[in-house]
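Undergrad: what shape does this take:
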Amino acid sequence: MSERKYVLDTSLFVNPQARKSFGKSPSAAVKGFVKSMKGLDLDIYMPPSIRAELRNFITADAMDEMDLVIKKRAPNVYSIYLPAAVFYDFIEDIRIRINKGLRLAEEFAKDNRPENDEKLGKLREKYREAMRTGIIDSKEDFELVLLAKELEATLVSSDEGAVKFANEIGCSTLAAEKFHPLLKKMKKAK
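TA: Numbers count the residues shown, from 1 in each chain. Prediction:
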């Protein structure tokens, strides 16, 4: 078993900035990743929920190739300790975001101009930014970070919320766009 462990997020293959070194499309990026792994002794993990999420973006043959190099593992959510201070800050952040969302909705309601479709689009964009940017916003992302914590592995992601939460609970992180250069460096060092 390798000393170097990584937990991969969907963003490595879906985010255009992160995947560009591996391939142009998500499926091509997965196949490029598999090729990059040849000859390297790394333990690569992905929670089943993240794998299921990725399946929505890639072909079945790309998924089959990925399954040969990635270990599927769910975190043991009943045994991982997380400090209460993290949740204290998380709850405060949620409260602030809810208030921002409320103010955006009030602003929308006060604006009586008839271009409703255009206004709704702007409201959705601003609301999504206020509520979801920079925060862990799904159980899949939570599982991703918990698995990295449990395995004492490096989280590879470009998701701001997942990276922020990982940093708060003491996980090592690596920006997804830096993973390909790291793999190349490891190959050269062999």
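
Undergrad: for the rest of this, base every contact and every neighbour count on C-alpha atoms.
TA: Noted.

Undergrad: which element follows the lowest-mean-pLDDT helix or strand in the chain toward the C-terminus?
TA: Every helix and strand of the chain was ranked by mean pLDDT, DSSP states H and E. The lowest is helix 116-132, at a mean of 74. The helix or strand immediately downstream of helix 116-132 is helix 139-151, counting by DSSP states H and E.

Undergrad: identify the residues contacting that next one?
TA: 5-9, 46-47, 49-50, 73-77, 80, 136, 153-155, 162, 165-166, 169-171 (C-alpha atoms under 8 Å, 6 or more residues apart in numbering).

Undergrad: sort out for me which of those are in strands.
TA: Applying DSSP state E to the contacts of helix 139-151, the entries found in strands are 5-8, 46, 154-155.

Undergrad: just curious, which of these is nearest to Glu106?
TA: The nearest member of those to Glu106, counting by C-alpha to C-alpha, is Leu155 at 38.2 Å.

Undergrad: what's around Lys71, how many residues?
TA: By the measure other C-alpha atoms under 10 Å, the count of residues near Lys71 is 15.

Undergrad: do the same with the one 4 residues further on
TA: Using other C-alpha under 10 Å, the number of residues around Pro75 comes to 20.

Undergrad: filter the contacts of helix 139-151 to the buried ones?
TA: 5-9, 46-47, 49-50, 73-75, 136, 153-155, 162, 165-166, 169, 171 (16 or more other C-alpha atoms under 10 Å).

Undergrad: which secondary structure elements does the least confident helix or strand of the chain contact?
TA: helix 84-110 (3 or more C-alpha pairs under 8 Å, 6 or more residues apart in numbering; DSSP states H and E).

Undergrad: buried residues, the helix it packs on. List them.
TA: 97, 100-101, 104-105, 108.

Undergrad: likewise stretch 136-143?
TA: 136, 140-143.

Undergrad: equivalent analysis for stretch 24-31, please.
TA: Applying 16+ other C-alpha under 10 Å to stretch 24-31 flags 25-31 as buried.

Undergrad: now the two most distant members of these.
TA: Maximum pairwise distance among those (C-alpha to C-alpha): 9.9 Å, between Ser25 and Lys31.

Undergrad: from the middle of its chain, how far away would the one helix or strand Asp64 maps to be?
TA: Take DSSP H and E as the rule and Asp64 turns out to sit in helix 60-67. Computed by C-alpha atoms, centre = their mean, to the nearest Å, the chain-centroid distance of helix 60-67 equals 19 Å.

Undergrad: what packs against it?
TA: Here helix 60-67 touches helix 26-37, going by 3+ C-alpha pairs under 8 Å, 6+ apart.

Undergrad: what mean pLDDT does the helix it packs on have?
TA: Taken as a whole, helix 26-37 has a mean pLDDT of 96.
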